[in-house]
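>>> need a 3D model of the sequence below.
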Amino acid sequence: MGIDAKAIVKLRELTGAGMNDCQAALAEAESDQEKAVEILRKKGTLKADKIADRATKEGVIALLKEADKVAVVALACETDFVARNQDFIETVAELGKKLLSGGEVENFKTWAEDKIKNELIVKIGENLQLVAADIVFGQVIGSYLHLNKKIAAVVILSGGRQELANDLAMQIAALAPKYIKPEEIPAEEIDKEKEIYRQQLKNEGKPENILNKIIEGKLQKYYSEVCLIKQAYIKDDKITIEKLLAQNGSPEILSFKRYQI
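Residues are numbered from 1 along each chain as shown. All right, here's what the predicted structure looks like:
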């Protein structure tokens, strides 16, 4: 029985293997696509690298928590169709479980990248990239995964309540601060901002004697954008995160991480 040309093309698109190799594999597999993929894998004729340059702008983040640690795995794909597929979502979740149970990030990355290249790309038919693989430890650890599974955040507190930590993680996911507080901003970054503000004000014809006062006001606005404790609280924009912490016993924010596909 002849092999359907459409099946050959489909297998080629899925695996990147040559047309003759795809035809031979389908013939051996009696037109079963999954078996044909296995045959090509065994023969080493897959060409996952051929699609490695294709853009990966969609994807899924898995965030799993156990006791004092959180594992985060972000896997990017090409299309929203794949990102919304339940099998793909579960696959990323399984990667997260593997990382959470294993505990060694570098070993996990090596294993995961091999699995992605040799199994998942072939199975799914799109370029896939491991965007993030991370484990965060902390006594009071807050985490948040957005509904679209494309943005996540983790924050570590010294003291404080779990609910507060989770709210702070949501804040970080939503407003993407770069620093915890102004003191963490590199001096060169502040100097650059001041230079930009000064030139803008001169272009507007502002008097020299009031420039420094206006620049200081602009810096405070800048801090409210890039520093977590200076941001308006997303659940109550009448207070800042700094005030929210004071209202809850003044726990210290030790660190945070934000992930996005």
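
>>> could you measure from Ala55 over to Glu13?
The gap separating Ala55 from Glu13 is 17 Å, by C-beta to C-beta, to the nearest Å. All C-beta atoms are positioned from the backbone trio N, CA, C, and that covers glycine.

>>> tell me the domain boundaries of this protein?
5-46, 51-137 (automatic domain parsing).

>>> Throw those into a markdown table and include mean pLDDT and distance to Tyr259, thanks.
Output for those, formatted as a markdown table (pLDDT from 0 to 100; distance: least, C-beta to C-beta, whole Å):
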| stretch | mean pLDDT | distance to Tyr259 |
| --- | --- | --- |
| domain 5-46 | 80 | 29 |
| domain 51-137 | 92 | 5 |
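
>>> in TSV, list these along with distance to Asp237 and mean neighbour count.
Compiled in TSV, the domains of the chain are given as follows (distance: least, C-beta to C-beta, whole Å; neighbours: other C-beta atoms under 10 Å):
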stretch	distance to Asp237	mean neighbour count
domain 5-46	49	17
domain 51-137	26	17
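
>>> the nearest residue to Ala176 once chain neighbours are set aside: neighbouring residues, count only.
In this structure, Ala176 finds its nearest non-sequential neighbour in Arg258, 5.9 Å apart by C-beta to C-beta, 6 or more residues apart in numbering. With neighbours defined by other C-beta atoms under 10 Å, the count for Arg258 comes to 18.

>>> residues in contact with Arg258?
Arg258 sits next to Ile151, Ala152, Ala153, Ile172, Ala173, Ala176 when contact means C-beta atoms under 8 Å, 6 or more residues apart in numbering.
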